[in-house]
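Trainee: Below is the structure, and that's it, no one-letter string:
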């Protein structure tokens, strides 16, 4: 089983402003950055409760028929959700064991706290980072503390006309 | 007059560990990243006191015969320094005015606090960031708070065999 991160950040490493807005990460429909192909490659989406709350407010459900796991210690308010959504809670290693046992093959890990937790505990295999050419100074950071240095292997980098630089890394364990 | 930043960081945006060490930014002599050409293009180096203290401990003076300005409110200990070193203090805009009046044409701004101060007050024109494929979790960050979003223009990105990804940006004012 593989766990991947696919995320947009400001040049100073924020995935959202403190209030959760991500207006500084414009979507340029005319120049796809590989999201559709990435989403097609995963079977499970793993997000934290904060990200789930943001997703609920979107005009449409963004994950199609994919299995969605929400990490939370509290029950989910499922009003209006007809999609496949489950709740799990526990340490990253426990969640990974549970996901593997349930047949997950490729998991898309999203949301600041969730990414930090799984990365910090060595559970992430691949990172795709889309760096947007703007500094916002403060917000929700992509990265957090780690127990020890985490070395990565640079897989490839591509640049887009709108100034976004996308880099793929594999985590070296 | 132009002010430029040319700096190596971890993927999570640190230019040094908390103790000032930068062992996670290995120098690969076999694969130059453009530092010599950059240094040749500047006439003045502007650093903070912390960076100056680090530089003093290096086996050799790294700035050749370039004019070096150290930002500090306290006198400098010049023991053993025979090179051109001056001290200045003041707000970034005042320093820029003083540098321009003194004939500086291209200033290399280095050191975390100094970069953050000059960038945050809109005085930096160009950024070259060498991103190394490692997460260290904590340390001295390249970027800090800004008064408002700072938009950048992506000039170009190149990748190196050792996994370093270098991007040039121009600050849009």
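Mentor: In hand now; what should we look at? Since the model is a prediction, treat every value here as computed from it, not as a measurement. Numbering: from 1, shown residues only, chains lettered A, B, ... in the order given.

Trainee: Near chain B, which residues of chain A are found?
Mentor: For chain A, the residues in contact with chain B under the definition Cβ under 8 Å from any Cβ of the partner chain are A:11-13, A:24, A:119-120, A:129, A:131, A:133-138, A:142-147, A:149-154, A:156-157, A:159, A:163-165, A:167, A:169. Yep, even glycine has a C-beta here, placed from its N, CA and C like the rest.

Trainee: can you do 6 Å?
Mentor: Near chain B, the residues belonging to chain A are A:12-13, A:133-138, A:143, A:145-146, A:149-152, A:154, A:157, A:159, A:163, A:165, A:167 when assessed by Cβ under 6 Å from any Cβ of the partner chain.

Trainee: Weed out the non-buried ones from these.
Mentor: With neighbours counted using 16 or more other Cβ atoms under 10 Å in any protein chain shown, the residues of chain A next to chain B contain these buried positions: A:12-13, A:133-137, A:143, A:146, A:150-152, A:154, A:157, A:159, A:163, A:165, A:167.

Trainee: Tell me which residues of the helix-or-strand element of chain A with minimal mean pLDDT come out buried.
Mentor: Across the helices and strands of chain A, mean pLDDT, DSSP states H and E gives its lowest value to helix A:49-56, namely a mean of 89. With burial defined by 16+ other Cβ under 10 Å, the residues of helix A:49-56 counted as buried are A:49, A:50, A:51, A:52, A:54, A:55.

Trainee: got it, and stretch A:40-47?
Mentor: Neighbour counts using 16+ other Cβ under 10 Å place A:42, A:44, A:45, A:46, A:47 of stretch A:40-47 among the buried residues.

Trainee: just checking, next helix/strand downstream of the least confident helix or strand of chain A?
Mentor: strand A:67-71 (DSSP states H and E).

Trainee: what is the mean pLDDT for that following strand?
Mentor: Taken as a whole, strand A:67-71 has an average pLDDT of 96.

Trainee: Would you map the strands across chain A?
Mentor: Listed in chain order, the strands of chain A (DSSP state E) span residues A:2-10, A:14-16, A:44-48, A:67-71, A:85-88, A:106-110, A:126-132, A:134-135, A:140-141, A:150-159, A:165-171.

Trainee: mind putting those strands in TSV, distance to residue A:31 included?
Mentor: Conversion of the strands of chain A to TSV gives the following (distance: least, Cβ to Cβ, whole Å):
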stretch	distance to residue A:31
strand A:2-10	13
strand A:14-16	20
strand A:44-48	24
strand A:67-71	27
strand A:85-88	31
strand A:106-110	21
strand A:126-132	11
strand A:134-135	17
strand A:140-141	25
strand A:150-159	11
strand A:165-171	11
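
Trainee: Tell me which residue is most central in chain A.
Mentor: Centroid check for chain A by Cα atoms, centre = their mean gives residue A:110 as the closest residue, at 2.1 Å.

Trainee: okay but that residue is in contact with residue A:47, surely?
Mentor: Yes. Using Cβ atoms under 6 Å, residue A:110 is in contact with residue A:47, at 4.9 Å.

Trainee: for chain A, what are the low-confidence residue spans?
Mentor: Applying pLDDT under 70 to chain A picks out residues A:79-82.

Trainee: do that again at 50, thanks
Mentor: Filtered on pLDDT under 50, chain A yields no residues whatsoever.

Trainee: got a list of contacts for stretch A:132-147?
Mentor: Taking contacts as Cβ atoms under 6 Å, 6 or more residues apart in numbering or on different chains, the residues outside stretch A:132-147 that touch it are A:9-18, A:24-25, A:112, A:116, A:120, A:163-164, B:12, B:135, B:137-138, B:145-146, B:149-152, B:154.

Trainee: same question but for stretch A:65-79, I mixed them up
Mentor: With contacts defined as Cβ under 6 Å, 6+ apart, stretch A:65-79 is touched by A:44-49, A:52, A:84-89, A:114.

Trainee: just these now: which is nearest chain B?
Mentor: Sorting those by how near they are to chain B, with Cβ to the nearest Cβ, puts residue A:114 at the top with 16.0 Å.

Trainee: so the closest one makes contact with residue A:50?
Mentor: No. Here residue A:114 lies out of contact with residue A:50, judged by Cβ under 6 Å, at a distance of 8.7 Å.

Trainee: how about residue A:6, what does it touch?
Mentor: Taking Cβ under 6 Å, 6+ apart as the test, what residue A:6 contacts is A:38, A:128.

Trainee: Swap in 10 Å and give it another go.
Mentor: Residues counted as contacts of residue A:6 (Cβ atoms under 10 Å, 6 or more residues apart in numbering or on different chains) are A:33-35, A:38-39, A:41-42, A:108-110, A:126-130, A:166, A:168.

Trainee: No further queries at this time; thank you.
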